[in-house]
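Trainee: sequence below, structure please.
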Amino acid sequence: QMRLLYGTERSDDDLRMYGVVARSNIVVAVRKLCSHLRNLGLEEELDRESRENEELEEGDHSSMTCRQAYDELMAYLVDNTATASAQDPMASQAG
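Mentor: Numbering: from 1, shown residues only. Predicted structure coming up:
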């Protein structure tokens with residue numbers, strides 16, 4: 001760790017590797033959090049929060065609700081049920 005902080009300058013390959021590791025760690029953490037939400041039965045709490053937020057925002061639907069974000073994360077990271085077209089945001093913009 002001392003070498004990383006005060007040692008030689010990092011190469012582009014080192015920086016790419018750190019990026020890959022950081023992204024992987026984030027995906028693993030989000031996957032675990034989503035699984036724990038499901039296992040603890042807290043999905044209904046997300047529905048309640050989403051309803052409350054919709055009431056507060058008075059029609060501003062420009063962002064996702066908590067439940068919508070959770071459902072997408074579950075489809076992509078946990079259940080692996082997201083379709084190929086849903087996984088590639090550029091595919092929907094190409095046509």
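Trainee: contact partners for residue 50?
Mentor: Contacts here follow Cβ atoms under 8 Å, 6 or more residues apart in numbering; on that basis residue 50 touches 65, 66, 67, 68. C-betas here are computed from N, CA, C, even on glycine.
Trainee: which SSE is residue 41 in?
Mentor: Taking DSSP states H and E as the criterion, no element holds residue 41; it sits outside all helices and strands.
Trainee: please apply the same query to residue 51.
Mentor: Assessed by DSSP H and E, residue 51 sits inside helix 43-57.
Trainee: which residues does the next helix or strand after that helix contact?
Mentor: Using DSSP H and E, the next helix or strand after helix 43-57 towards the C-terminus is helix 66-73. Under the contact criterion Cβ under 8 Å, 6+ apart, helix 66-73 has outside partners 30, 34, 37, 43, 46, 47, 49, 50, 53, 64, 82.
Trainee: could you give the angle of helix 66-73 to helix 43-57?
Mentor: Relative orientation of helix 66-73 versus helix 43-57 (axes from the mean of the first three to the mean of the last three Cα atoms, to 10 degrees): 130 degrees.
Trainee: what about this structure, any weak spots by pLDDT?
Mentor: Applying pLDDT under 70 to the chain flags residues 1-4, 56-62, 84-95.
Trainee: try 90 this time
Mentor: Applying pLDDT under 90 to the chain flags the ranges 1-12, 14-15, 18, 46-47, 49-69, 78, 80-95.
Trainee: quick check, central residue of it?
Mentor: residue 73 (5.6 Å; Cα atoms, centre = their mean).
Trainee: most neighbours among the contacts of helix 66-73, which one?
Mentor: When neighbours are counted by other Cβ atoms under 10 Å, residue 34 leads these with 20 neighbours.
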